[in-house]
Structures are given as C-alpha cells and as structure tokens.
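A.B. asks: the following comprises the amino acid sequence and a computationally predicted model.
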Amino acid sequence: MARILLIHGAYQGGWIWTRVATRLREAGHLVMAPSLDGCAERAQAVRPGITTESQAEELASLLFHEDWRDTVVAGTSTGGMVLCRLAELAPGRIGRLVFADALALQDGEKLPDIVARPTAVNTALTSGPSRADAEGRLFAELDAETRAWTLERICQHPILPMVAPVVLPRFWSMPWTASVLWCRRSQNPPVAHQRRLQQALGASWHELDTGHYPMLSEPQALADLIGG
C-alpha cells in the first residue's frame, strides 16, 4: 500500500484524476487528489496572489496535517511545476516523484518559455484556452463521451502560475527517485523538455502512445506506473 498524492494541471481540478484514483484505491492505495487553490470547485476563491509556490505551500501543509511520509507524488502538465516546489518544501515527506507528461521548470523559468498557448484568453486573475481550442485541439483525441464530460468541467486557471517565473532555488540540486512519462501524441510539454527533466534527475523513462491527458485516455496504464 502506498500513499499517493495526485496533482492536476491547468484548467483542471482533482476531478480529472477520478479514473486513475479509483483504480489505485481498488489496488489498496491511499489516494488524495485535491483541487488546487482557485481551480475547479474552488474557482470562486480565485484572487490575486495565487502562484505555483502558494499552491505548493498548501499541498505541503496538507501532507503535514495528514502526517503522510514516503508519499508518491504524481503531477501532470502544470501540476509538474507545483510538484517540484512541493518536493522542495517537504522533502522529508516525499518517496517518489512521477511526472506524467508534466512541466518541470528551472528556477526563474516561466511557462511561456517552454509552451506556446495559441488561444490563451486572459483576465486580470485567470487564463485559459478558448472554447473552440479546448474542444478542437486540447481534448480532440478523447472519445466523444469523455470529451463532453471534460469540457463541462474545465475552467480558467489562476494567471500567475501561467506567466510568472517559478521559484526553485534547491530542487534541482536535491536527490530524487523519479519517473518521467512522455505521451507520444502530446505536443506540450515538448519531448526535449521531458528528456531534460529525465536526464537532470536520473529518472526512469516511460512512454504511452496517447495524448496529453493519459489519466482520461489510459487510466489503467497510468495507475500502474504511479502505483508501481
């Protein structure tokens, strides 16, 4: 039995992990898949000052109050940025890191340095894709039922994690046990970015022949990687 924390990416919430979390719990693992501050059912709480770092601080507090140790932490997409900062803040509570088609930035890098978002719709507090881009590109690979279910739930993401440089003064110099999953049909994050991550951490390398949302398209394979 493992203790597993699942971190979602932009425009998402803990809901996106439902299929994976169900399979992990059926295998006997303890699983938490919280929605990050300002996301999903917490979107009404969006406000100035929500950053990658503040979201990671909240998760570090969650691990402390649950008294979880040797935790397997899996992050996807921009959730990889939160994962890195969480690991830096709470290294004594981390057992293994799983980057599931995830971003992992160097200290001072920002998301636009790595990823182009052609139809970003920004407000003073949030950022997200246009509806047409979400339906026709981001989630186009999903089957019709899953795509409709997903489109009903996506939301704007707090803007600072999407545009501000990350603060990671120690993460890349610390030792980690890590796995990197590259989804072959995914355009972002680029494979070169994920290879950089794998090489920097000496992580194991895994591939799935699917798009950027393996928790929706290949939940069993992803659950096997996380729970293994």
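C.D. replies: Ah, there it is.

A.B. asks: can you give me the buried ones in the helix or strand of the chain with the lowest mean pLDDT?
C.D. replies: Within the chain, no helix or strand scores below helix 131-133, which has a mean of 91 by mean pLDDT, DSSP states H and E. By neighbour count with 16 or more other CB atoms under 10 Å, helix 131-133 contains the buried residues residue 133. For every residue, glycine as well, the C-beta is placed using N, CA and C.

A.B. asks: sheet partners, orientation included, of the strand ranked longest in the chain?
C.D. replies: Taking DSSP state E as the criterion, the chain has its longest strand at strand 94-102. Here strand 94-102 has these sheet partners by DSSP bridges: strand 71-77 (parallel), strand 178-183 (parallel).

A.B. asks: mind saving the C-alpha coords of it as PDB?
C.D. replies: Below are the C-alpha coordinates for strand 94-102, written out as PDB (Å, rounded to 0.1, in the frame of the first residue of the first chain):
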ATOM      1  CA  ILE A  94       8.400  12.500  -0.400                       C
ATOM      2  CA  GLY A  95       9.200   9.000  -1.500                       C
ATOM      3  CA  ARG A  96       8.900   9.100  -5.300                       C
ATOM      4  CA  LEU A  97       8.000  11.700  -7.900                       C
ATOM      5  CA  VAL A  98       6.000  10.900 -11.100                       C
ATOM      6  CA  PHE A  99       6.000  13.400 -13.900                       C
ATOM      7  CA  ALA A 100       3.000  12.400 -16.200                       C
ATOM      8  CA  ASP A 101       3.600  14.400 -19.400                       C
ATOM      9  CA  ALA A 102       4.500  17.300 -17.000                       C
END
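
A.B. asks: which residues touch it?
C.D. replies: 2, 9, 69-81, 83, 86-87, 176-183, 186, 189, 194, 197, 201, 203, 212, 214-215, 222, 225-226 (CB atoms under 8 Å, 6 or more residues apart in numbering).

A.B. asks: how about stretch 176-195?
C.D. replies: Under CB under 8 Å, 6+ apart, the answer for stretch 176-195 is 77, 80, 87, 94-104, 114-116, 141, 197-198, 201-212, 214, 222, 225.

A.B. asks: try it again at 7 Å.
C.D. replies: Identification of contacts with stretch 176-195 by CB atoms under 7 Å, 6 or more residues apart in numbering yields 87, 96-103, 114-115, 141, 197-198, 201, 203-212, 214, 225.

A.B. asks: at which residues are the strands of this protein located?
C.D. replies: 3-7, 30-32, 71-77, 94-102, 121-122, 126-128, 157-158, 178-183, 204-208.

A.B. asks: so which of these is nearest residue 24?
C.D. replies: Ranking these by proximity to residue 24 (CB to CB) places strand 30-32 first, at 5.0 Å.
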